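1. Provided below for reference: sequence and predicted model.
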Amino acid sequence: MNAQIILEHLYIVLVAVIFTILVGLPLGILAYTNKRVRGIILWGVDILQTIPALALLGIIMVLFGAGKFTVILGLLLYSLLPVVQNTYRGLNNIEPGIKEAARGMGMNWWYRLIHVELPLAFPMIFTGIRIATVTAVGVAVFATFVGGGGLGSIIYRGIHIQNMSLILFGTLSLMVMAVLFDSVMAFIEKKLYHEKTAKH
């Protein structure tokens, strides 16, 4: 039963992170390429981060009902900030000389973005994904309050019946999960930055 709950928590986090990337990456690119919407996008994801996670999930539950969809949508919105900001910053911080050289070689805007700018910005983008993933592991605890399940249900049940073993099991499981994700992704991130430095 406990293993099933851990897998359920992992499922919620991974699905939410995948959708966060699918939404956050284009928004970050749009903020980089379109000055007119840049402020709105960056301000919007910043505001979302200031809303307490449980309150955000509660608002979504009122609109869409309880369940995993509510949790995944809530995690997506709450995790957008690091992905959007790091995508924008990664692209914006590329040396102007590199962009100019790509233009001089006759590359159009789309080709430059896909083949030159995004690969150069990817280490920073990956850092944003790492932050979003670790954040999602912790925030997904609130899933139990909106019918989403996960490790939060074990912790909540432990608190409700004053069972320290359940509370510790849920808490330690979350800590191990967060540390594992962070360590593995930090290792990949380090390799990405190393490869980027080696190319220069």
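-> Structure received. Residues are numbered from 1 along each chain as shown.

2. now the strands for the protein?
-> Here the chain has no strands by DSSP state E.

3. the residue nearest to Leu42 when sequence neighbours are not counted: neighbouring residues, count only.
-> Using C-beta to C-beta, 6 or more residues apart in numbering and skipping the chain neighbours, the partner closest in space to Leu42 is Ala31 (5.8 Å). No exception for glycine: its C-beta is placed from N, CA and C like everyone else's. Residues lying near Ala31 (other C-beta atoms under 10 Å) number 24.

4. is it true that Ala31 touches Arg38?
-> Yes. With contact defined as C-beta atoms under 8 Å, Ala31 reaches Arg38; the gap is 4.6 Å.

5. can you give me phi and psi for Gly65?
-> Dihedral pair for Gly65: phi 90, psi 170, per degrees, to the nearest 10.

6. tell me how far it lies from Val71.
-> From Gly65 over to Val71 the distance is 12 Å, taken as C-beta to C-beta, to the nearest Å.

7. out of these two, which sits in the busier spot?
-> Per other C-beta under 10 Å, whichever of Gly65 and Val71 has more neighbours is Val71, with 30 against 11.

8. what sits closest to the residue most central in space within the chain if chain neighbours are left out?
-> Geometric centre of the chain, nearest residue: Ala132, 2.7 Å, by C-alpha atoms, centre = their mean. Using C-beta to C-beta, 6+ apart and skipping the chain neighbours, the partner closest in space to Ala132 is Ser79 (3.9 Å).

9. ditto for Thr144
-> Nearest non-adjacent residue to Thr144 (C-beta to C-beta, 6+ apart): Gly152, at 3.6 Å.

10. right, and that neighbour touches Val139 too?
-> No. Gly152 is not in contact with Val139 according to C-beta under 8 Å; the separation is 9.7 Å.

11. Asn93 and Gly65, how far apart?
-> Going from Asn93 to Gly65 by C-beta to C-beta gives 42 Å.

12. okay, now the unreliable bits of this protein?
-> Applying pLDDT under 70 to the chain flags residues 1, 198-200.

13. packing partners of the longest helix along the chain?
-> If you go by DSSP state H, the chain has its longest helix at helix 164-199. Here helix 164-199 touches helix 2-33, helix 118-139, helix 151-160, going by 3 or more C-beta pairs under 8 Å, 6 or more residues apart in numbering; DSSP states H and E.

14. can you list these in CSV and add distance to Thr50?
-> What follows is those, written out as CSV (distance: least, C-beta to C-beta, whole Å):
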stretch, distance to Thr50
helix 2-33, 17
helix 118-139, 14
helix 151-160, 22
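
15. just these: most buried one?
-> Most buried of those, by mean neighbour count (mean count of other C-beta atoms under 10 Å): helix 118-139, with a mean of 21.

16. what angle separates it from helix 151-160?
-> Orientation of helix 118-139 against helix 151-160 (axes from the mean of the first three to the mean of the last three C-alpha atoms, to 10 degrees) gives an angle of 20 degrees.

17. once you drop chain neighbours, what's closest to Leu57?
-> Gly74 (4.3 Å).
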